[in-house]
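J.: Take this sequence and fold it.
(one chain, ligands or ions: 2)
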Amino acid sequence: MKRESMLREVKVEDAIGMVLAHDLTQIIPGQFKGRLFRKGHVITEQDLPNLLNIGKEHIYILDLQQGYLHEDDAAQRMAEAIQGANIELSQPHEGKVTLKSSIHGLAKINKSFIDEVNALGEIAMATVKTNTVVQPGQALVGTRVIPLIVEESKISEVERLAGNHRSSSSLIQVKPFQPLKVGLLTTGSEVFKGRIEDRFGPIVKEKVAAFGSEVIKQRFATDDLGQIAGEILRFKEEGCQLILVTGGMSVDPDDRTPGAIKQTGAEIVSYGTPMLPGSMLMMAYLDGVPVMGLPGCVMHDPYTSFDVLLPRICAGEIIERPEITELGYGGMHGC
Ligand SMILES: Nc1nc2c(c(=O)[nH]1)N[C@H]1C(S)=C(S)[C@@H](COP(=O)(O)OP(=O)(O)OC[C@H]3O[C@@H](n4cnc5c(N)ncnc54)[C@H](O)[C@@H]3O)O[C@H]1N2
Ligand code: MOO
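T.: Residues are numbered from 1 along each chain as shown. Ligands and ions are numbered 1, 2, ... in the order given. Here you go, the predicted model:
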């Protein structure tokens, strides 16, 4: 049976007592956008002016046959197929189901799966970008089919793809942040000798606290390679789970931080991060403990490569080189 023959078009004047087959939306720019009539509503004479005001001179009466799904059921099945950890589903609304985060965390979205689903046609599965920091209740994904009724086989295909991808990686989930003990080393002779006040520390402490971690100790060092390296090793011995070193990250003779991080024996993932601001950031691991050299811009610019990498580290992820190199495309944030 063809889809069209399951839909009977009825003039609204003749539809009194009939049942609406889907939610009907009203949009008044700047004032309202939402559902004016709910699916299943029985049309009354009083509804006629409102229906005509939103441009509905006809409504569909639906005679759904075996092998087809209503838009609400299709949206619901797709949402259930992709749901992962710390995700809640909304009720279908105007043909769409929204997947929301139940926690403050890091959204992980399987891009290749989403691309495959959207390539099937007649489907709109829209997501936030992977690695977005999300708040409780924030929408991550909306699932919807384009027609009012869709072949069930299309939704089965989405479910099959979901099963395939799930076997190797997750589809949609939110990772919680883990509370890390952070050591903060502030370098620079001008701060160490009291010529200027430290402005880096308070900003780094605030950024770390935003993900539930804590700077347990801040120490200061002059621009001496051995002293900086020694303080990093001391933080490691004290059990810090993340070590942050500020300043001295660029090209002047007094910029000793990259050399000092190397001298500790840390494995350097990258010196230089293709993002502006934040290009001079160093990412390294010292026996599995992340060590980051933070350039001066972190103190000054609200969004740098540090703000991209910190939530991932707080969510327990290991930063590898490809994740750094990928930052370049789309990484110009004005600097
Ligand atoms: N010729 C080049 N110039 C710059 C380059 C470059 O590659 N070639 N890189 C630029 C980038 S990117 C950055 S970011 C900055 C800063 O890099 P540094 O991390 O080396 O910063 P410093 O030289 O240590 O300090 C710069 C500036 O910030 C003040 N400062 C540093 N720490 C503190 C602190 N804890 N509290 C208050 N103020 C602090 C410092 O006194 C300097 O005024 O370099 C670009 N230039
Ligand atoms: O590390 Mo720097 O800004 O790219 O400002």
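J.: got the residues of the stretch 1-150 of the chain near ligand 1?
T.: Contacts of the stretch 1-150 of the chain with ligand 1, taken as Cβ under 6 Å from any ligand atom, are absent. Where you see a C-beta, it was placed from the backbone N, CA and C, and this is true even at glycine.
J.: where in the stretch 1-150 of the chain is pLDDT low?
T.: 1 (pLDDT under 70).
J.: residues contacting the residue of it found nearest ligand 2?
T.: Using Cβ to the nearest ligand atom, the closest approach of the stretch 1-150 of the chain to ligand 2 is made by Asn131 at 19.7 Å. Neighbouring residues of Asn131 by Cβ atoms under 8 Å, 6 or more residues apart in numbering: Leu106, Ala107, Lys108, Val308, Pro311, Arg312.
J.: can you check His22 too?
T.: Lys39, Tyr60, Leu62, His70, Glu71, Asp72, Gly95, Leu148 are the contacts of His22 under Cβ under 8 Å, 6+ apart.
J.: Restricted to strands, list the residues you listed.
T.: Counting by DSSP state E, the contacts of His22 place Tyr60, Leu62, His70 in strands.
J.: what's the distance between the nearest residue to the second one once chain neighbours are set aside and ligand 1?
T.: Right, the one you point to is Leu62. Computed as Cβ to Cβ, 6 or more residues apart in numbering, the closest residue to Leu62 that is not its neighbour in sequence is Ala21, at 3.8 Å. With the distance defined as Cβ to the nearest ligand atom, to the nearest Å, Ala21 ends up 58 Å from ligand 1.
J.: Can I take it that Ala21 is in a helix?
T.: No - assessed with DSSP: H, G, I helix; E, B strand; the rest coil, Ala21 is coil; it does not lie in a helix.
J.: Can you tell me the closest non-neighbouring residue to Asp224?
T.: Using Cβ to Cβ, 6+ apart and skipping residues adjacent in sequence, the residue nearest Asp224 is Arg256, 6.8 Å away.
J.: For the one you found, what are phi and psi?
T.: Main-chain dihedrals, Arg256, degrees, to the nearest 10: phi -100, psi -10.
J.: tally of neighbours for it?
T.: Around Arg256 there are 24 other residues, counting by other Cβ atoms under 10 Å.
J.: before we move on, the earlier item: any chance of the contacts of Asn131 in a markdown table with secondary structure, neighbour count and distance to ligand 2 as columns?
T.: Formatted as a markdown table, those follow (DSSP: H, G, I helix; E, B strand; the rest coil; neighbours: other Cβ atoms under 10 Å; distance: Cβ to the nearest ligand atom, whole Å):
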| residue | secondary structure | neighbour count | distance to ligand 2 |
| --- | --- | --- | --- |
| Leu106 | strand | 23 | 23 |
| Ala107 | strand | 25 | 26 |
| Lys108 | strand | 21 | 27 |
| Val308 | helix | 21 | 12 |
| Pro311 | helix | 20 | 18 |
| Arg312 | helix | 19 | 18 |
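J.: Give me the number of neighbouring residues for the residue nearest to Leu62.
T.: 22.
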